[in-house]
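Participant: next one to model:
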Amino acid sequence: MITIRGGEVMTPEGWVGGDVLVEGGRVTGVGTTQAAETELDATGCLVGPGFVDLHTHLREPGQTWKEDIASGSAAAVAGGFTAVVAMPNTEPPVDSPEAVDSVLAAGVQAGLIDVIASGALTKGREGGAPADIEGMYRVGVRLFTDDGDCVADDELLGRVMTAIARLPGALVAQHAEDTSATTGAHMHEGVMSRKLGVGGMAAETEADVVRRDLSLVAATGVRYHCQHVSAMMTIDLIRAAKDQGLAVTAEVTPHHLSFDESALHELDSDFKMYPPLRSSQDRQALVAALRDGTVDAVATDHAPHLPEEKATGFANAPRGVIGLETAASAVWEVLGEPQRLFEVLSTAPARILGLGAHGQELAPGSSANLVVFDPGASWTPEKFRSKSSNSPYRGRTMHGAVRATIRRGELVYQGGGR
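Facilitator: Sure, this is the predicted structure:
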C-alpha cells in the first residue's frame, strides 16, 4: 500500500486537497488518511494521472547505443510518464506483427512503463507498398506512422487510410514534411537561416503535406493525427478541419513551445530537430493553440543521439533532441495551469490512443498510474537517465519537477535531487 499525503489531487469533481491511497494497482481512496508501508509527502504538489507520450524514439532494435527500451523506460518514469508510444523507425523498422511483438516483449522485460508499439504505414518505411496493417492491428497496434519520413504518394496514402479507417480505434499519424523541398535544409527558412547562411525549410513544407492529408481524411473518414506541429499555417489548417468535423488531432513538442529560431544563433546542434524551430510568431501560435485546445496534446519526440554524433558540425549532425525527462517542466513553464498540464500530457494522449488504464482522474477504483508533480520546484538538467544527453534544456534552470511516478500501483521513480 502507498499513501500520497497532502497533495492537490485531480479528481472527477475537480482538484481536491488530501491524501491518495493506492493498493493492488488501484486507487482505493482520495481525501482520506491511512497509514501505509510507503508514504510520499506531496505537500505543495499536484497528484494526477501519469503522463502518456504519443511520440518516443526508443531506438530498439538497431541503434541501442543511443537508447534502448530499458534506458528509455528509465528516462520516461523520471519524467512522470507511465506509458509511451515507441515509434517504428528502427533498424529494421517495425512493420510486421513479429517486430511489434519484439518491442512489446522488451517493454515488459524493462518493467517500468507501458511500452506501446506503433507500426509503419509502408513496408520498410520506404513509401512503396502498404505494411501489414491488419496483422499489426491484431497484435495491438493502433497508431500507424512512417515517422521520420512522410508518405508522399497520394494514391498509396489514400489506400492505407481507407484500410485503417475500417479498424476500430486505429489512426494514421503523419510526419508532415515535403522532402522534395527540404533537400540541403537544416533549419527554418527565415531570419536566422539568412543571417547564418544555412539552408532553410519553409513552413509550407509542413503545411502543404497536411493540406493534402486532410483532403484524404475527408475522403476516407480515417482518424488522423498530425505529429510535431511547428507552423502557424498548419495550426490554421487543423483548426479549420476540426470546425468541419473531421476526426483530426494534433501534437506539439515541448521544444517547439519553448524555443524559436533565435536559439540557433550559435548553431548548437542540440537545437537541431525536424521540424525545425520556427519563427517567434509560429511559436506563439503553437502556445495559443495548445491553450485553446486546437492542439490536443504535447508529445516529446524524444530522439536520442550520442554527443559524438551531435559534434560532427551543424550540417552533418543528426536531427532530434531528447525530451522525456524535461517535458513536464517545459510544459508547466508555458501553461502554468494544473488542469491543462494534465490534459495535454495525460488525459488527451490516453484518449487519442484509447488507453483506458491511463489518463484517468483519480477516484476509488481508478488505475494507479500516477505522477506527483511539484510546480514550485526548480532544477537544472545536467545528467539524464537516457543514454543520450542531446537536450536543449541542458544547463538551463527549469521550474516544476516530477517527484514520484507510480505505475500499476508500484513506485517506479522517486526524485530527491530536483
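
Participant: which parts of stretch 404-416 are buried?
Facilitator: Within stretch 404-416, the residues scored as buried using 16 or more other CB atoms under 10 Å are 404-409, 411-413, 415. No exception for glycine: its C-beta is placed from N, CA and C like everyone else's.

Participant: got the CA positions of it in PDB?
Facilitator: What follows is stretch 404-416, C-alpha atoms only, in PDB (Å, rounded to 0.1, in the frame of the first residue of the first chain):
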ATOM      1  CA  ALA A 404       7.300  10.500  -8.000                       C
ATOM      2  CA  THR A 405       5.900   8.200 -10.600                       C
ATOM      3  CA  ILE A 406       3.600   5.200  -9.800                       C
ATOM      4  CA  ARG A 407       2.800   2.600 -12.400                       C
ATOM      5  CA  ARG A 408       0.300  -0.100 -11.800                       C
ATOM      6  CA  GLY A 409       0.400   0.700  -8.100                       C
ATOM      7  CA  GLU A 410       4.200   0.400  -7.800                       C
ATOM      8  CA  LEU A 411       6.600   3.200  -7.000                       C
ATOM      9  CA  VAL A 412       8.900   3.200 -10.100                       C
ATOM     10  CA  TYR A 413      10.500   6.600  -9.600                       C
ATOM     11  CA  GLN A 414      11.100   8.900  -6.600                       C
ATOM     12  CA  GLY A 415      13.100  12.100  -7.200                       C
ATOM     13  CA  GLY A 416      15.100  13.800  -4.500                       C
END
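
Participant: which outside residues touch it?
Facilitator: By CB atoms under 8 Å, 6 or more residues apart in numbering, the residues outside stretch 404-416 that reach it are 2, 4, 22-26, 38, 40, 42, 50, 77-78, 80-82, 112-114, 367-372, 401-403.

Participant: gap between that stretch and the chain center?
Facilitator: 20 Å (CA atoms, centre = their mean, to the nearest Å).

Participant: and that stretch, average pLDDT?
Facilitator: What stretch 404-416 shows for mean pLDDT is 94.

Participant: any idea how far the residue nearest the centre of the chain is from Glu410?
Facilitator: By CA atoms, centre = their mean, the chain has its centre lying nearest to Ala299, at 2.1 Å. Distance of Ala299 to Glu410, given as CB to CB, to the nearest Å: 25 Å.

Participant: how about Ala36?
Facilitator: From Ala36 to Glu410 the distance is 13 Å (CB to CB).

Participant: buried subset of the contacts of stretch 404-416, written for PyMOL?
Facilitator: Buried members of those, defined by 16+ other CB under 10 Å, are picked up in PyMOL with:
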select buried, resi 2+4+22+23+40+42+50+77+78+80+81+82+112+113+114+367+368+369+370+371+372+401+402+403
